[in-house]
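Colleague: how would this look folded up:
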Amino acid sequence: MTEQTARAATLLKEHRASIDRLDAILVYTLAERFKHTQSVGLLKADHDLPPSDPAREAQQIERLERLAREADLDPEFARKFLNFVIAEVIRHHEKYQA
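Modeller: Modelled structure (predicted):
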């Protein structure tokens, strides 16, 4: 193995370790977020509120797209990601309504 290849392997290992830590942060952050959205869903069910709030969802999508642009992340990806999360939250909220 050349010195350059060894250095590349070391850098790759370091990047992958960082990615693994960030993946863990994402999972724990999503878990915390869903704990709160579950509480919101139960609150909505207790007070006969609809499981979705399109105005809030639109605001959140707009906000996340803006944050994505500021963070140099593709806003389209951010929108798709949030839409996926919102759909999952609404699905949970609908279960509480039953």
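Colleague: Quick check, residue 86 in contact with residue 56.
Modeller: No - contact criterion C-beta atoms under 8 Å: residue 86 and residue 56 do not qualify, at 9.4 Å. Heads up, the C-betas are built off the backbone N, CA and C, glycines and all.
Colleague: Which one of those two is surrounded by more residues?
Modeller: Under the criterion of other C-beta atoms under 10 Å, the comparison of residue 86 against residue 56 puts residue 86 first, with 18 against 10.
Colleague: Restrict the helix or strand that one falls within to CA atoms and write it as CSV.
Modeller: Residue 86 belongs to helix 75-97 when assigned by DSSP states H and E. The C-alpha coordinates for helix 75-97 follow below in CSV (Å, rounded to 0.1, in the frame of the first residue of the first chain):
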residue,chain,number,x,y,z
PRO,A,75,-34.0,22.5,-0.3
GLU,A,76,-35.9,19.9,-2.4
PHE,A,77,-34.3,17.1,-0.4
ALA,A,78,-35.3,18.9,2.8
ARG,A,79,-38.9,19.4,1.6
LYS,A,80,-39.1,15.7,0.7
PHE,A,81,-37.7,14.6,4.0
LEU,A,82,-40.1,16.8,6.0
ASN,A,83,-43.1,15.7,3.9
PHE,A,84,-42.1,12.1,4.7
VAL,A,85,-41.9,12.9,8.5
ILE,A,86,-45.2,14.9,8.4
ALA,A,87,-47.0,12.0,6.7
GLU,A,88,-45.7,9.6,9.4
VAL,A,89,-46.8,12.0,12.1
ILE,A,90,-50.3,12.3,10.6
ARG,A,91,-50.6,8.6,10.3
HIS,A,92,-49.9,8.3,14.1
HIS,A,93,-52.3,11.1,14.9
GLU,A,94,-55.0,9.4,12.8
LYS,A,95,-54.5,6.2,14.9
TYR,A,96,-55.2,8.2,18.1
GLN,A,97,-58.4,9.6,16.6
